[in-house]
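*Asks:* could you work out the structure for the sequence below:
(3 chains)
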Amino acid sequence: MTALHHFLCRTKTAFGTHALAHLPFDLSGMHARKPFVITDQAAKDAALHLELARACRDTHLPLGLAILTDAGDLETLYHLFVDKGYDSIMALGTGQVVQTAKALNLAICHGPERLRTPAGAEQLNNPLLPLVYIPTHPETGQDTAGETLFSGRRFVSPNLMPDIAVITADTMLGTPGAAVLDSGLSSLAICCEAFAFSHSPFARSYASAGICLVMDTLLPLARQPDHKDLLCQKAQKNRQLPLAKLAHAAAISGYIQSNYPDLKTRQAGARVMAVRSDQPALLSAGLCMVLALVQLFENSRHTCPWLGKLLLPLTDTDHYTGVPGPEQPDEAVRIIRQLLHVLAETVPRGMPQTLEEAGITPRQISEMSDLLTYTPPQGAP
Amino acid sequence: MKVPDYYEFGCRTRIMAGHDVLEQIPGLLSSMAARHPMVITDQGVARAGLVDILCQALDSRITVKTIQDDVPADSDLATVHTLAGQYKKYDCNAIIALGGGSVMDTAKGVNILVSTASDNLLAFSGANALPHRLAPLVAVPTTAGTGSEVTQVAVISDPDNLRKLLFTSGFLMPDAAVLDPRMTLTLPAPVTAATAMDALSHAVEACLCLGRNPLSTAHAHEAIALISHHLVPVIQQPDHTPGRLALATGAALAGMAFSNSMVGMVHTLGHAVGSVCHAPHGTCMAVLLPYGMAYNLHKTQSLQADLLLPMAGADVYARTRPQDRAEKAIDWVNRMNRRLHQATSGAHAVCLRDIKTPDGKSLVPAHLLPGIARTALGDGSIFYNPEDLDHDDCLMVLTAAFDGTPLDLSRVKKG
Amino acid sequence: MGTDGFHIHITGGKNAMTDFMEIPPARHYWKRWYLSCMLWFFGRAVQAAARVDDGVRSEFAAMPDNFTFCLGAFPAGPCMVVGKDAGGRVRHLGSAIADRTIHLHLMFKHPALLFRVFAFRESTPVANARNRLYVRGDVPRACAVVRIMDMVQVFLLPKFLAKRAVKRYPAWSLKRRTLDRAQVYVRAFAGF
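*Replies:* Next up, the predicted model:
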């Protein structure tokens, strides 16, 4: 056990069918009587706002619904919210919608001036208004993390995590293959790193569930991408539940990111993307993170005691117990490489499976060595 | 991965675990502008010197306004009202709950009254009845344990009306759970064994009951692995702080698991035994756990097979044939009870008959079993059990557990 | 402009980049009507079963006189109220919960979730495990009420449906399955 660890997840995850029907009761538990819903055009075109309205039937819950366009206007939202006396916020849509919702929450509770300068947990100590997040696609975890970006300024606080994340197949929209891969690989990288290196049983528990969800759904979804004409409609019936599970994994990765903001894979992934900014179509953030993860694991297979146990959520109990202990770290890395290999077959233009194939030179890898090497924390076994 | 049609998982409590983590409490309370806490504890904890350790860890940023150590073994309405009065008298603005399950529930009840400026706790019983956030509450468990430091439930008895009141609300969750091994270092071996088996029963039932879900199961498996690995070594070497921390962490994980997926017949019957015979909760759980697993075996075979891995390790799991793993898991629990019985020189009971007072008097006489079975039918956990239970079923299980004989699976009525 | 039965008022936002609309809460009339009918009949069946069946009668015998409970949907019903009068007789008391002391509430968190149970898409134990309902009041009495409801469901439903509604289909005597069942139906329709 390490000397000290903290874990905080403020978000209640509600997953499954008829999840929206629980919302009026949950909102009443937070004394929210007049929610303000922020959504986007894609969700509105797919009539998801009507799903939400249906969930509020027979419950005396009026909804205010603001539909964001690409640019979004926080000032308009702020005035609407204040003038009409809303008392809670629901974000129905993509990551951009929930980031706007978080920024709005900050503006309402701390005043609009708060958004002029970046702030951390010390300045954003007070509780915010109830925030419910209903994703329409699998995201990359920053949607449920305790942070938001507004006008290039970063705000960080556990209070920014949604109170409830409602993840349901009923609100999943058609999602292109690239977004599915990006989300799944990002969640996998974050959860694997947390499992292997956090030394926190609390983080490992969440991470374990997240890894299982990704391994269950990513490959089938990648093999059957949504046609681009379906992007503003509900996902095909057979894809709705897998997309919801992937969204669930992404939410879990957000909880982990809130507790471990300095994840090496996230930093290394960003560095790789910066180096290869000439190839944005080839290298998504999630892919860069997993490529960095594999390198990190290769460098750490003899120093990290939990790397072998990662094989359990990556596969299943029979596979895990069938591999002798000393061979488990190598097998875990092989499973991740195998996944990348099979996923690459689903991408028409191909997909790099190592940092070298992504065009990162040995010198550049060496310059990232601090991010690609595991350092045991003080007090760790 | 099997995912239920719908589930919820949440734990808003900040977990702070590690060596010397008590020293983080002043920073935590200061960040909530709550520098004048009341400490709620019980006399056993005070006698063990744990209040002194806590106070020494609190620096000048915090002024403990009062220490109330009169909490009884079962939290009750009168105690809650008395302590709420003390909170107001000493002008406190936070609560530190230092103790086991009863102290935690009492602290939650006090927090309801002082935060709502009410003198009628009954008005807030049931689900979702609290109107807003409560005063800061920091939970410091001194057993490993009930898991109450991470649940949104408080159970407070109303002895005048012979009932237990249930309070459920997200607002009841402590702001922080502080798991410091110093708080359990001096826990006697029988109490260590019983409370750890209580935590184990939480984790096992969280995996098997109707409310199970992937996140609860993940937390429960971590808990089972920690408890399985560390319990006997800690009994043998009580001052092993990493082991104590592991057990405390396991108990908290198990608490997070069962708080979201609920528990089943082990708690149904165990609560009834505790209520009728005043037997220690953890001991009842330890005795009844293998019986609950056996009773539900036909409904949860594959789930129980999965439990063998965190319980007994990869080698045992791999060597056991798939069709034998579930029964092996039950056998493992029985063997754990026997090991603990030996390690505690007989103080840890392996059957209901063996649950005794310190002076050797049996706490669970056979003639009370039918009454216990009747009481069990009034416990809400019965509805989360995979298989149905009526009075005869409860009595059958209790009779087998009384003597420590294996359950006759052919008599289990299958739904 | 109204769509799908809602009254939706669309206003232009201050800024062309944001559209805004207010959606007042609506009612789902036919589902409410269906639930009201089912709850009405179920309440009368509980009353009937209390007259006819020893199992149901003994559960009610343990409850005090003037005890009432309701089964319904948050926040505003529909509901069914059953209670014992001052003489200990079990009565279906209709659907109104205002101006009445209810000692025990078994409430589904939404009418749509109650509908799933009464449309046999989800059994009560499964709905409970999925957090679809909550209880306010004495838990042991809530357990007794659930057992009563299970027995009444077995009386009312054909076996293939009742097996999905309860956790374990009971092994009842022939008399209970036939004569007593018929009595429950007759009394439930007739209201005595």
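*Asks:* correct me if wrong: B:Arg133 contacts B:Phe171.
*Replies:* Yes - look at B:Arg133 against B:Phe171 with Cβ atoms under 8 Å: they come within range, at 5.7 Å. (Glycine included, C-beta is placed from N, CA and C.)
*Asks:* who's more crowded, these two?
*Replies:* For B:Arg133 and B:Phe171, the more surrounded residue by other Cβ atoms under 10 Å in any protein chain shown is B:Phe171, and the numbers stand at 24 against 13.
*Asks:* that one reaches B:Pro136, doesn't it?
*Replies:* No - in this structure, B:Phe171 is not within contact of B:Pro136 by Cβ under 8 Å, at 12.0 Å.
*Asks:* from the contact counts, what lies against the helix or strand containing B:Asp315?
*Replies:* Taking DSSP states H and E as the criterion, B:Asp315 maps to helix B:314-319. Judged by 3 or more Cβ pairs under 8 Å, 6 or more residues apart in numbering or on different chains; DSSP states H and E, helix B:314-319 is in contact with helix A:317-322, helix B:297-312.
*Asks:* so B:Tyr317 sits against A:Thr317, correct?
*Replies:* Yes - assessed by Cβ under 8 Å, B:Tyr317 is found in contact with A:Thr317 at 6.7 Å.
*Asks:* I'd like the next helix or strand past the host helix or strand of B:Asp52.
*Replies:* Here B:Asp52 sits within helix B:50-57, counting by DSSP H and E. Note on helix B:50-57: by DSSP H and E, the next helix or strand toward the C-terminus is strand B:66-68.
*Asks:* report the rounded mean pLDDT for that next one.
*Replies:* In this model, strand B:66-68 has a mean pLDDT of 96.
*Asks:* past it, which element shows up next along the chain?
*Replies:* Following strand B:66-68 in sequence, per DSSP H and E, is helix B:77-89.
*Asks:* could you dump that following helix to PDB, C-alpha only?
*Replies:* Taking Å, rounded to 0.1, in the frame of the first residue of the first chain, the C-alpha atoms of helix B:77-89 are listed here in PDB:
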ATOM      1  CA  LEU B  77     -33.300   8.800  18.800                       C
ATOM      2  CA  ALA B  78     -32.700  10.100  22.300                       C
ATOM      3  CA  THR B  79     -28.900  10.100  21.800                       C
ATOM      4  CA  VAL B  80     -29.200  11.900  18.500                       C
ATOM      5  CA  HIS B  81     -31.300  14.600  20.000                       C
ATOM      6  CA  THR B  82     -29.000  15.000  23.000                       C
ATOM      7  CA  LEU B  83     -25.900  15.300  20.800                       C
ATOM      8  CA  ALA B  84     -27.600  17.800  18.500                       C
ATOM      9  CA  GLY B  85     -28.300  19.900  21.600                       C
ATOM     10  CA  GLN B  86     -24.600  19.700  22.500                       C
ATOM     11  CA  TYR B  87     -23.600  20.700  19.000                       C
ATOM     12  CA  LYS B  88     -25.600  23.900  19.200                       C
ATOM     13  CA  LYS B  89     -24.500  24.600  22.800                       C
END
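*Asks:* show me how far the helix or strand just after it is from its chain's centre.
*Replies:* Remark: after helix B:77-89, the chain's next helix or strand is strand B:94-99, criterion DSSP H and E. Mean-position distance between strand B:94-99 and its chain equals 17 Å (Cα atoms, centre = their mean, to the nearest Å).
*Asks:* list the helices and strands strand B:94-99 packs on?
*Replies:* strand B:37-40, helix B:50-57, helix B:101-116, strand B:137-141.
*Asks:* any residue of stretch B:382-389 up close to chain C?
*Replies:* Yes - Stretch B:382-389 is in contact with chain C by Cβ under 8 Å from any Cβ of the partner chain, via B:382-384, B:387-388.
*Asks:* and the helices in chain C?
*Replies:* With DSSP state H, the ranges of helices along chain C come out as C:29-52, C:54-61, C:111-118, C:124-129, C:139-156, C:159-165, C:174-175, C:181-190.
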